[in-house]
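Visitor: I would like to see how this sequence folds:
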Amino acid sequence: MIVLMRHAQTEGGSGRYIGRTSLPLSETGKRQARELAQTLWDADIGTLCSSPSSRAVETTAPLAARLGLEVKRISGLDEIDLGSWEGLRFEEVRTMDPEGYEERGKHFANFRPPGGECFNDVADRALAALHTLAAMPQNVLAVTHAGVIRSVLCRLTGRPMNQLFHFMPEHTKCTVLKHTTAGLESMGTAIDPADLLHTLG
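Guide: Just a heads-up that it's a prediction; the model follows:
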């Protein structure tokens, strides 16, 4: 199985376009990361992966140390690239590029900010990475981002990508994927880390 986990809580991103922009974990986020190590220390996890983003790496670090596992950083699991909009406040973009601001609000699936990605791009690269991970013989825990989880779930459930905000992954909550003969299937979302102990066996 593959477990997708959203990184721990961050600070400094409110009201801004945050994709690849680096954000530190908040004090709550640091506590969540420590709690993960305490909760999952005896979970059946054979491979530990992370987005290259600092907030994902920091979330993974205490658990990696506890399990004695190397964290594989996978670019396909990184958050959406927002190009020239990265780090800007919503109102800045609305003033600077009103047409783009309005277009993205209507068409998340295929709108790309200058130099950036759309959510269909995110789904393509994330699913390519996940299919590679699915070939591994042991359970995989991958710490990633809300945008990645939303776009993957849209693809796997057949929900239109423009409805990706139907899915609201919370910090450190999990989505479990199973590899079947038909491909990857979602076995559950919004799963608390403590409940993974039963899910993974």
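
Visitor: which regions of the protein sit below the pLDDT cut-off?
Guide: Along the chain, segments meeting pLDDT under 70 span 201.

Visitor: same thing but at 90, please
Guide: Within the chain, the segments meeting pLDDT under 90 span 42-44, 105-106, 108, 135-137, 179-183, 194-201.

Visitor: other SSEs contacting the lengthiest helix in it?
Guide: When the chain is parsed with DSSP state H, its longest helix is helix 119-134. Under the contact criterion of 3 or more Cβ pairs under 8 Å, 6 or more residues apart in numbering; DSSP states H and E, helix 119-134 touches strand 2-6, strand 140-144, helix 146-157, strand 174-180, strand 183-191. Every C-beta, even on glycine, is put in place using the N, C-alpha and C of the backbone.

Visitor: now do the buried residues in the last one.
Guide: Looking back up the chat, that one is strand 183-191. Buried residues in strand 183-191, counted by 16 or more other Cβ atoms under 10 Å: 184, 186, 189, 191.

Visitor: go through those residues and name the one nearest Met161.
Guide: Checking those against Met161 by Cβ to Cβ gives Ser186 as the nearest, at 15.5 Å.

Visitor: contacts only, for the residue lying closest to that closest one once chain neighbours are set aside.
Guide: Leaving aside its sequence neighbours, Ser186 sits nearest to Leu156 (Cβ to Cβ, 6 or more residues apart in numbering; 5.1 Å). Residues in contact with Leu156 (Cβ atoms under 8 Å, 6 or more residues apart in numbering) are 177, 184-186.

Visitor: just to revisit the earlier point, angle of the longest helix of the chain against strand 140-144?
Guide: Angle, helix 119-134 to strand 140-144, by axes from the mean of the first three to the mean of the last three Cα atoms, to 10 degrees: 160 degrees.

Visitor: which residues sit against helix 119-134?
Guide: 2, 47, 49, 74-77, 80, 108-110, 112, 140, 142, 144, 147-148, 150-152, 154-155, 161, 164, 177, 179, 183-184.

Visitor: same thing but 6 Å
Guide: 2, 74, 76-77, 80, 108-110, 140, 147-148, 151-152, 155, 161, 164, 179 (Cβ atoms under 6 Å, 6 or more residues apart in numbering).
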